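Q: Please find the sequence and the predicted model below.
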Amino acid sequence: MDLKELYEKSQELLGSEVKLQGWIRNHRKQKDFGFIDFSDGTCFKHIQLVYTSDLANFEEIAKLHIGCAITVTGTLIESEGAGQDYEIKVKDIVLEGDCPEDYPLQSKGRPTREFLREQAYLRPRTNLFQAVFRVRSVTAYAIHKYFQDHGFVYFHAPLFTTSDCEGAGEMFQVTTLDLDKVASSGKVDYTKDFFGKRANLTVSGQLEAETFAMAYKKTYTFGPTFRAENSNTKTHANEFWMMEPEMAFCDLKQDMDVMEDMLKYVVKYVLDNCPDEMDFFDKFVENGLKEKLTKLINSNFTRISHHDVIDILQKAPVKWEFEPIQGEDIAKEHEKYITEYFNGPVFITDWPKDIKAFYMKLNPDNETVAAVDLEVPGAGELCGGSQREEDYDKLVKRMKEMGVPETEWYLNLRKYGGCVHSGFGMGFERLLIYLTGVENIRDVIPYPRTPGNCEY
């Protein structure tokens, strides 16, 4: 039996004999009895095992170490102690896998998150990361469920690519060439490489997803992406997951409608399906987290242009570290102020074309593009999207202006039955930071890839 099933059927199982398999998380031993904190990973809750000296193998049980894998047989009873409703009166414990006393996760002192990053393979055994990675799993399911229930086709974008979606050039190169020979010759012959040309790891599946949107009307990607950006902030990683829908016959307004509806659905799904984990985060990680998330679900998302946002920031009675300027990007402090100003999530639309990607639709003013960033209280930018440029000639002109290679297949989408279409991207780990209150991206992805760090 699993611990999850035991708690779901606790009333009918009360007084019955049960058999569980899992691990010792803590062990307190007395002269004639002992208490074991037991978990099997099937739910966030643990259960206390109580054993007494009348057991034939009492001495052996008393020697069991923290971290051991065990099979326990016992009776489910109501707990007499505080902190739990039920406990197991042990009849027998069988050791399945021992654990030495130098096991890093001992009960004395709470290990720091920095220490646990060095022991990343053990992180899921701690309460914090048991909660984080279950919420990660449930959130991923909620995203798939939302799009599947709304008629989207799940598209698997390629990880090897020759296109740079963002045009920033911060891509990991993939090669099978002998780099020592390349270095000694002083030149690279890409015709001899595996794909016969220069190839990279993808920074986004958007461009390829647009091809499917022109066939299925609604599609989405959800998978790993890679950025060779030498950044060591709490919100940047070199490998992360992106969720990117693309929709044909969809303008920027409709794009924002989907963005808002999807986010509210996913947040509510996590709150409804991870109550124990969310209570834990609210109590031990970010006080007020559940209130923040519930407020988002019930909020009306403000929609305002970038120009008007800058006007508000310039008139604000605030001494800015970074002065807000028309035509330029906004900083974290500006994002925070705007969400507080409107007391809720804010869609900032119609961004200056010079700071946005080549594929975004040029507005009639020829100065801005039909782009949007979603800012949420407490996290800033959570996702961004745009209406894509469907005009062939305008797209070619923009690509030339920005020095982006004119990729034939991408341009042909505008020739072969093209239409108004839009999409957005959301960094999955950014969403998890928002949902859990765990502020460092390294702590919401199992094995973080950051500059100088590629362990496991």
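A: Nice, I can see it.
Q: Show me where the stretch 351-456 of the chain has its helices.
A: Taking DSSP state H, counting those that start in this stretch to define them, one finds helices in the stretch 351-456 of the chain at 392-401, 408-415, 428-436.
Q: quick one: pLDDT of the nearest residue to Q254 once chain neighbours are set aside?
A: The shortest distance from Q254 to any non-neighbouring residue, by Cβ to Cβ, 6 or more residues apart in numbering, is to S422 (6.8 Å). Where C-beta positions appear, they are placed from N, C-alpha and C, glycine not excepted. According to the prediction, S422 has pLDDT 98.
Q: quick one on the thing from earlier: tell me the most buried of the helices of the stretch 351-456 of the chain?
A: By mean neighbour count, with neighbours taken as mean count of other Cβ atoms under 10 Å, helix 428-436 ranks first of the helices of the stretch 351-456 of the chain at a mean of 23.
Q: centre of the chain versus that helix, how much separation?
A: Its chain's C-alpha centre and that of helix 428-436 lie 5 Å apart, by Cα atoms, centre = their mean, to the nearest Å.
Q: where does the residue of the chain most remote from its centre land in three-state SS?
A: In terms of distance from the mean C-alpha position of the chain, D54 ranks first, at 49.3 Å (Cα atoms, centre = their mean). Secondary structure, DSSP: H, G, I helix; E, B strand; the rest coil: D54 is coil.
Q: Repeat that for the one 5 residues further on.
A: Reducing the assignment at E59 to three states with three-state DSSP gives helix.
Q: Then K283?
A: Quick answer, by three-state DSSP: K283 is helix.
Q: what ranges of the stretch 151-300 of the chain fall below the confidence cut-off?
A: 165-169 (pLDDT under 70).
Q: can you pull up the bridge partners for the residue nearest to Q254?
A: M247, Q387 (DSSP bridges).
Q: ok, now which ones touch it?
A: 246-247, 250-252, 254-255, 370, 385-388 (Cβ atoms under 8 Å, 6 or more residues apart in numbering).
Q: could I get those residues as TSV with neighbour count?
A: Output for these, formatted as TSV (neighbours: other Cβ atoms under 10 Å):
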residue	neighbour count
E246	31
M247	25
C250	22
D251	15
L252	25
Q254	14
D255	25
A370	23
G385	27
S386	24
Q387	24
R388	28
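Q: among those residues, which two are most distant?
A: The most widely separated members of those are E246 and A370, with 14.7 Å between them, by Cβ to Cβ.
Q: quick one: contacts of stretch 431-450?
A: By Cβ under 8 Å, 6+ apart, stretch 431-450 touches 113, 117, 120, 123-124, 128-129, 131-133, 135-136, 139, 232, 234-241, 266-267, 270, 281-282, 285-286, 289, 293, 376, 378-379, 382-383, 429-430, 455-456.
Q: Check which residues of it are buried.
A: The neighbour-count check on stretch 431-450 (16 or more other Cβ atoms under 10 Å) flags 431-445, 448-450 as buried.
Q: go on, stretch 124-141?
A: 125-126, 128-136, 138-140.
Q: swap in stretch 207-219?
A: Quick answer for stretch 207-219 (16+ other Cβ under 10 Å): 207-214, 217-219.
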